[in-house]
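Undergrad: Test case, fold it:
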Amino acid sequence: MKLVILDGNALNPGDLSWDGIKKIAQITVYPRTNPEELIERIGDAEAILVNKVKIQKDVFRKCPKLKYIGVTATGYNVIDVEAAKQAGVIVTNIPAYSTDSVAQHVFAFILNFTNSVYIHNESVQNGQWITCPDFCYWKNPLTELTGKTLGIFGYGSIGSKVAQIGKAFGMNVICCTRTPKENMPKSVSFEELLQQSDFLSLHAPLTEKTQNIINKDSLKLMKKSAYLINTARGGFINEKDLAECLSSNGIAGYAADVVLEEPMNKENPLLGAKNCVITPHIAWAPLETRQRLLNIVEENLKAFLNGNPQNVVNK
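TA: Residues are numbered from 1 along each chain as shown. I've put the predicted structure just below:
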């Protein structure tokens with residue numbers, strides 16, 4: 001089987017091996033693919049792997065041999081799945097591979113706000129401890145997590161893992177979810193979640209109802225001392241409203257691994273915003289996490305070739 005990997009660098013910039021896929025397919029790997037290169041690169045391939053390359057309706061008409069699309073991520077909004085279904089093309093994704101790493105990133109953000117490790121290290125390296133008249137000092141207020149309220153919006157695999165870690169820190173965990181589960185933390189309305197949370201972490205799916213759910217009105221309900229964490233989707237946030245809220249100290253801080261437009265647009269209002277920490281969509285990217293993802297990519301491909309496709313998103 002001929003297989004083309006259209007944006008290999010997203011998953012594997014060189015620190016993983018494609019050998020497992022090479023054993024089951026004749027592969028061509030492109031680090032990145034621009035829209036104008038797409039059709040020619042797919043050509044007569046029967047299968048493709050993509051992460052963020054958009055596959056729209058015209059691809060299926062112009063590449064009739066295509067029978068399989070493996071999305072090397074959980075989200076598959078880059079694929080016109082209905083057009084794929086009509087063309088008889090199977091589309092698969094990678095569910096629940098990054099639960100641990102994303103939850104870890106959430107607490108990297110939270111601890112950044114509570115402990116300011118980078119700021120204090122920078123201060124020490126600049127010689128301020130050497131000249132300090134006391135045995136210790138702090139540049140920012142330091143905060144203990146025990147007893148603080150951790151609000152979780154969405155209680156899937158990542159949300160539940162974040163809750164587990166929060167409890168280990170001694171936090172009071174509350175959540176707002178459309179699908180309540182057994183033994184979950186205290187369930188509250190979205191308004192109560194905003195009002196009660198000292199740290200609010202977003203983990204729901206992006207839908208028409210959750211698009212721009214964080215806006216000037218919802219931000220007004222939050223404590224001025226609260227921190228907002230977003231490792232899920234940039235579309236949850238009205239970025240202009242949030243930037244204005246941060247500039248007026250409406251909340252204490254915002255940390256995100258995602259923005260509405262990625263890569264980040266130079267006009268994004270959160271760029272340089274007050275008390276705002278942004279990482280370049282790396283919560284999913286630890287080596288171990290990407291290896292797990294690649295293993296599932298191989299399993300999905302083998303299942304397709306054996307006539308029993310798994311993790312299909314367009315049945």
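
Undergrad: only C-alpha atoms for contact and neighbour calcs from this point on.
TA: Noted.

Undergrad: just the strands in the chain please.
TA: 2-5, 26-29, 47-50, 68-71, 90-92, 149-153, 172-176, 186-187, 199-202, 227-230, 253-256, 276-278 (DSSP state E).

Undergrad: my guess is Ile39 contacts Lys62, does it?
TA: Yes. Taking contacts as CA atoms under 8 Å, Ile39 lies within contact range of Lys62: 7.0 Å.

Undergrad: Identify the residues contacting Gly166.
TA: Under the criterion of CA atoms under 8 Å, 6 or more residues apart in numbering, the neighbours of Gly166 are 150, 172-173.

Undergrad: same deal with Thr99?
TA: So Thr99 contacts 157-158, 161 (CA under 8 Å, 6+ apart).

Undergrad: how much space between it and Lys2?
TA: 32 Å (CA to CA, to the nearest Å).

Undergrad: Next: Gly75.
TA: Distance from Gly75 to Lys2, by CA to CA: 24 Å.

Undergrad: Over to Pro141?
TA: 58 Å.

Undergrad: higher neighbour count, these two?
TA: Lys2 (17 against 9; other CA atoms under 10 Å).

Undergrad: Buried residues, stretch 64-79. List them.
TA: In terms of neighbour count (16 or more other CA atoms under 10 Å), stretch 64-79 has its buried residues at 65-74, 76, 79.

Undergrad: how long is that stretch end to end?
TA: 16 Å.

Undergrad: what does the average pLDDT come to for it?
TA: Across stretch 64-79, pLDDT averages out at 96.

Undergrad: contacts for it?
TA: 11, 44-56, 60, 88-96, 293-294, 297, 300-301, 304.

Undergrad: Among those, name the ones in helices.
TA: 11, 60, 293-294, 297, 300-301, 304 (DSSP state H).

Undergrad: quick one, helices of the stretch 51-200 of the chain?
TA: Per DSSP state H, counting those that start in this stretch, the stretch 51-200 of the chain carries helices over the ranges 57-62, 81-86, 99-115, 117-125, 157-168, 190-196.

Undergrad: whoops, I mixed them up, the stretch 201-315 of the chain
TA: Going by DSSP H, counting those that start in this stretch, the stretch 201-315 of the chain shows helices at 216-220, 239-247, 287-305.

Undergrad: TSV please, covering the ones you listed and showing distance to Thr231.
TA: Formatted as TSV, the helices of the stretch 201-315 of the chain follow (distance: least, CA to CA, whole Å):
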stretch	distance to Thr231
helix 216-220	18
helix 239-247	15
helix 287-305	15
